[in-house]
Every structure is written in structure tokens, then in C-alpha cells.
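*Asks:* quick one: sequence and predicted model below, then my questions.
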Amino acid sequence: MQSVRRSGLTLIELLISVAIFAVLSALAYGGLNNVLLTSTHTQAETKRLTTLQLTMLYLERDINQMIDRPIRGQYGDMEPALVAPPPDAEQPLMSFTRAGWANPAGQLRSQLERVAYDFDEEKEQLVRITWPLLDGASKETEIKATLLDAVTGLKFRFMDDQEQWHTSWPPLLVNPGTIPRPRAIEVSLTVQPWGELRRIMLLPR
């Protein structure tokens with residue numbers, strides 16, 4: 001009597017098939033994981049780049065609307081329209097008066113605003129500071145907004161009418177009441193992972 005051969009996989013063939021499937025699955029998972037990680041990294045970098053662009057837009061908009069309007073400090077002393085103290089001073093790196101303060105609620109207030117930019121070295125943040133009033137502003141009334149993280153340096157330079165650069169404003173040994181606004185302001189911003197970024201912004205004459 002002739003025996004009938006049964007079709008199918010032997011145990012060894014089944015084990016080999018399972019092993020091959022496992023290897024292919026591992027390779028596929030690794031490739032998919034790399035794609036997902038790359039996509040996440042790309043999205044994060046795109047978001048940081050967008051935030052950086054918005055920060056520079058804030059700076060450029062504020063500087064373009066800078067006006068020659070001195071203010072009175074907390075104790076009634078006169079301060080120039082633009083102040084950039086020497087390094088290590090316990091003040092914002094740059095503060096100034098700007099026009100064009102939006103008033104969508106139609107409040108009874110001025111359209112002028114006092115704005116400052118500072119660098120929080122401990123938190124590595126670029127900070128924009130505003131005050132609700134021009135005169136008599138104090139630290140208690142300031143409003144802070146963090147514009148950018150991972151900042152490791154922020155510097156400003158100011159070009160005068162003789163095209164000379166200064167690291168503070170008004171320049172030393174110059175009467176603040178006799179000097180006009182600078183012709184240009186150079187912003188030097190150091191941000192991880194891009195390093196130092198520089199931009200020169202011309203002021204309207």
C-alpha cells in the first residue's frame with residue numbers, strides 16, 4: 001500500500017520562518033524608530049527656528065518704532081529715550097521709548113511704551129520687559145515675557161553720527177540731552193545650537 005505524503009512545514013522550517021520574521025520585524029522597527037526620531041528632532045528644530053525668527057521680528061519692530069522721548073525714573077530723575085548701560089550694571093541691557101503701542105481695547109492711555117531687552121544668564125533666556133507707564137516706572141510694575149530659551153549671550157552696539165561704534169548709550173562723556181539716536185544698532189545673540197548670530201538694524205532718521 002502506497003503511503004500518502006503530507007504537505008506542510010516541519011518544526012525546523014517553522015522555527016527558521018519565525019526567526020526570519022523576527023529579524024525582519026526588528027529591522028523594520030529600527031528603521032521606523034529612526035524615522036520617528038528624525039521627524040521629532042526636525043519638528044523641534046523647526047519650532048526653535050520659528051521662535052528665533054519671531055524674536056528677531058520683535059526686536060526689529062521695536063527698534064524701528066523707537067522715538068526720542070526721555071522719561072522720568074522712579075524717583076523723578078530724567079533718563080534718556082535710549083539707555084544701554086555699561087557691562088555689569090544692574091539694569092536691562094537696553095531700554096527705550098517706542099511708539100505704536102497697539103490699543104485694541106480702546107483704553108484711555110498713551111500709544112507710547114517703555115520697552116527693555118535683557119539677558120537672564122541663570123535661566124539662559126532672552127527677556128522682553130515692558131511698563132504700563134512711561135514715567136515713574138519701577139521694578140514692581142514691569143511685565144516680563146520670555147522670548148527665547150537656550151540663550152548664552154546677548155550684546156548690543158550702537159553707531160553714532162560719525163559711524164563710530166559704542167558698547168553703551170549714551171556714549172560716555174557726552175551730554176545725553178545733546179546727542180541724537182544712534183544711526184544703527186547691532187544685535188549679537190548667541191543661541192544654542194546655532195552659535196552667535198548678528199544683525200545690524202538701521203534706525204529711521
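*Replies:* Received the coordinates, thanks. Just so it is clear, the model here is predicted, and its values are computed rather than measured.
*Asks:* pLDDT score assigned to residue 163?
*Replies:* If you check residue 163, the pLDDT there is 91.
*Asks:* now do the contacts for it.
*Replies:* If a contact means CB atoms under 8 Å, 6 or more residues apart in numbering, then residue 163 has residue 183 as its contacts. For glycine as for every other residue, the C-beta is placed from the backbone atoms N, C-alpha and C.
*Asks:* packing partners of the helix or strand of the chain with the lowest mean pLDDT?
*Replies:* Using mean pLDDT, DSSP states H and E, helix 11-64 stands out as the lowest-scoring helix or strand of the chain, at a mean of 78. Secondary-structure packing of helix 11-64 (3 or more CB pairs under 8 Å, 6 or more residues apart in numbering; DSSP states H and E): strand 94-98, strand 143-149, strand 184-191, strand 195-202.
*Asks:* so what's the gap between the first one and the chain middle?
*Replies:* Read that as strand 94-98. 17 Å (CA atoms, centre = their mean, to the nearest Å).
*Asks:* and that strand with strand 184-191, angle?
*Replies:* Here strand 94-98 runs at an angle of 130 degrees relative to strand 184-191 (axes from the mean of the first three to the mean of the last three CA atoms, to 10 degrees).
*Asks:* list the helices and strands strand 94-98 packs on?
*Replies:* helix 11-64, strand 82-83, strand 113-120.
*Asks:* now with 6 Å?
*Replies:* Under the contact definition 3 or more CB pairs under 6 Å, 6 or more residues apart in numbering; DSSP states H and E, strand 94-98 sits against strand 113-120.
*Asks:* sheet-wise, list the partners of the strand it packs on with their directions.
*Replies:* As defined by DSSP bridges, the strand partners of strand 113-120 come to strand 94-98 (antiparallel), strand 125-131 (antiparallel).
*Asks:* what does it rub up against?
*Replies:* The contact list for strand 113-120, computed with CB atoms under 6 Å, 6 or more residues apart in numbering, reads 62, 92-95, 97-98, 101, 127-131, 134, 137, 154.
*Asks:* looking at it, residue 170 is touching residue 179, isn't it?
*Replies:* Yes - with contact defined as CB atoms under 6 Å, residue 170 counts as touching residue 179 (5.3 Å).
*Asks:* so if I had to pick from these two, which one is more boxed in?
*Replies:* Between residue 170 and residue 179, residue 170 has the larger neighbour count (other CB atoms under 10 Å), namely 20 against 15.
*Asks:* next one: the more buried one, what pLDDT does it get?
*Replies:* 89.
*Asks:* and the one 10 residues further on, by the same measure?
*Replies:* On pLDDT, residue 180 comes in at 76.
*Asks:* show me what contacts the residue nearest in space to the middle of the chain?
*Replies:* Per CA atoms, centre = their mean, the C-alpha nearest to the average position across the chain is that of residue 148, at 3.2 Å. Listed by CB under 6 Å, 6+ apart, the contact set of residue 148 reads 51, 55, 126.
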